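1. I'd like to go over a predicted model; first the sequence, then the structure.
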Amino acid sequence: MNSKTQPPLTRREILRILKSHRDTLLKHKVKRIGLFGSFATGKQGKRSDIDFLVEFLEPTFDNFMGLSSRLERLFGRKIDLVTPVGLSVHIRPFVEKEVRWYEVK
């Protein structure tokens, strides 16, 4: 599919894509994944990265790196992936306020 026929990348579209790739999330033992940052607030630009907060059922290096790599290929742009433990105390309140979760079941 070329870029002219793809829907614009919005919060709704990102969450739809995540849901349609549930098997990938399960493969990497994702409990839930949340969108935050510019895409969550609708303030993204053409070069904005996509910020995800992820909770794993099995928080291993391989699950983290595999998911990060897969998301970058899936969305075709830079991904910032962070776990709750890796979230800075300075930005935690802002992230918790704006995050949009997808519960993987």
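-> Structure's in. What do you need?
2. need the contact list for the nearest residue to Leu87 once chain neighbours are set aside.
-> Leaving out its chain neighbours, the residue that sits closest to Leu87 by Cβ to Cβ, 6 or more residues apart in numbering is Val95, at 6.1 Å. Backbone N, C-alpha and C define where each C-beta goes, glycine included. Counting by Cβ atoms under 8 Å, 6 or more residues apart in numbering, Val95 touches Phe36, Leu53, Leu87.
3. The last one is in contact with Leu53, isn't it?
-> So the one you mean is Leu87. Yes. If you go by Cβ atoms under 8 Å, Leu87 and Leu53 touch, sitting 6.9 Å apart.
4. Those two: which is more packed in?
-> More crowded of Leu87 and Leu53, by other Cβ atoms under 10 Å: Leu53, with 24 against 14.
5. any idea which element the more buried one lies in?
-> strand 50-56 (DSSP states H and E).
6. Next SSE downstream of that strand?
-> Immediately after strand 50-56, counting by DSSP H and E, sits helix 61-75.
7. Which residues does that following helix contact?
-> By Cβ under 8 Å, 6+ apart, helix 61-75 touches 9, 14, 17, 21, 24-25, 27-30, 50, 52, 54, 56, 78-79, 81, 83.
8. and that helix, how far out from the chain's middle?
-> Computed by Cα atoms, centre = their mean, to the nearest Å, the chain-centroid distance of helix 61-75 equals 10 Å.
9. Show me which of the contacts of helix 61-75 are buried.
-> 9, 14, 24-25, 28-30, 50, 52, 54, 56, 79, 81 (16 or more other Cβ atoms under 10 Å).
10. Between which two of those is the distance greatest?
-> Leu9 and Lys29 (25.7 Å; Cβ to Cβ).
11. Show me the shaky parts of this protein.
-> Applying pLDDT under 70 to the chain flags residues 1-7.
12. middle-most residue in it, spatially?
-> The centroid of the chain falls nearest to Phe52 when counting by Cα atoms, centre = their mean (3.4 Å).
13. That one contacts Val30, correct?
-> No. Phe52 is beyond contact range of Val30, at 9.8 Å (criterion: Cβ under 8 Å).
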